[in-house]
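Chemist: got a predicted structure plus its sequence, pasted below:
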Amino acid sequence: MSRIDINEIYTLFEEIKELIKSKEGNNTEVKEIELPDLSAITALSDKLDRTIEQVSKPISTEHRHVFSFASSKTFIGVIVLGVMCILSLFTVIYKQKEADSLKDNDLKYRYIHMMGEATPSLLISLDSIFKYNTNSVKDIRKDVVSYEKAVVERAKRLEKARIKELEAEKLREGMDL
């Protein structure tokens, strides 16, 4: 592959420029210009075509993740993650038992409120019922819920009666004027 010197190209352009000037000035005969060897340009063009073909080919990339216990960081990470999962599981179980206990205590309080008094014998019997007899707990829950509904209904009726009494009082005042 031969290289074309920049000076040769510059000289070639100068000759072309002179020929154009001379042709414009007068119609004299045109010298024949010796062209340089263009095989280098052809070789570069072929090389450029091959490069474009290589670049346009799709490239496949494979990503591989390897978890090996030979690496101490991976091993320690897996152990720590497992310990955290186990601790989370025990915490959830403990909190669930605590929440169940609070639900039972809430129901005991509502039952005592329904009964109107809290005697030591009532408290002892409630504790034994909640500890050993789950069917009785369901009955107590039904009784408490029905009692609370009755209290809400009674409050609504009392409020309606109070509103009607206020309206009647306003009507009496209006008639007295």
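Modeler: Received the coordinates, thanks. Since the model is a prediction, treat every value here as computed from it, not as a measurement.
Chemist: give me the residues contacting stretch 119-136.
Modeler: The contact list for stretch 119-136, computed with C-beta atoms under 8 Å, 6 or more residues apart in numbering, reads D104, L107, K108, Y111, I112, M115, V137, I140. Every C-beta, even on glycine, is put in place using the N, C-alpha and C of the backbone.
Chemist: the fourth one against V144, yeah?
Modeler: Yes. With contact defined as C-beta atoms under 8 Å, Y111 reaches V144; the gap is 5.5 Å.
Chemist: hmm, back to that, between the contacts of stretch 119-136, which is closest to S60?
Modeler: D104 (63.3 Å; C-beta to C-beta).
Chemist: run a quick neighbour tally on that closest one.
Modeler: 15 (other C-beta atoms under 10 Å).
Chemist: that one and K23, how far apart?
Modeler: 114 Å (C-beta to C-beta, to the nearest Å).
Chemist: one more: F90?
Modeler: Distance of F90 to K23, given as C-beta to C-beta: 100 Å.
Chemist: V66 now?
Modeler: For V66 relative to K23 (C-beta to C-beta), the value is 75 Å.
Chemist: and these two? Which one has more around it.
Modeler: K23 (12 against 7).
Chemist: per the record, what domains does the chain have?
Modeler: For the chain, automatic domain parsing gives the domain ranges 6-55, 102-176.
Chemist: of all those domains, which lies closest to K73?
Modeler: domain 6-55 (38.8 Å).
Chemist: measure that closest one end to end?
Modeler: 30 Å (C-alpha to C-alpha, to the nearest Å).
Chemist: make 59 the first number, not 1, from now on.
Modeler: Got it, first residue is 59 now, which makes that one domain 64-113.
Chemist: ok, back up a step: want to throw the contacts of stretch 177-194 into JSON lines with distance to I64 and secondary structure?
Modeler: Below are the contacts of stretch 177-194 laid out as JSON lines (distance: C-beta to C-beta, whole Å; DSSP: H, G, I helix; E, B strand; the rest coil):
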{"residue": "D162", "distance to I64": "98", "secondary structure": "helix"}
{"residue": "L165", "distance to I64": "100", "secondary structure": "helix"}
{"residue": "K166", "distance to I64": "102", "secondary structure": "helix"}
{"residue": "Y169", "distance to I64": "106", "secondary structure": "helix"}
{"residue": "I170", "distance to I64": "107", "secondary structure": "helix"}
{"residue": "M173", "distance to I64": "111", "secondary structure": "helix"}
{"residue": "V195", "distance to I64": "102", "secondary structure": "helix"}
{"residue": "I198", "distance to I64": "105", "secondary structure": "helix"}
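Chemist: and the residues you listed, which of them are buried?
Modeler: L165, K166, Y169, I170, V195, I198 (16 or more other C-beta atoms under 10 Å).
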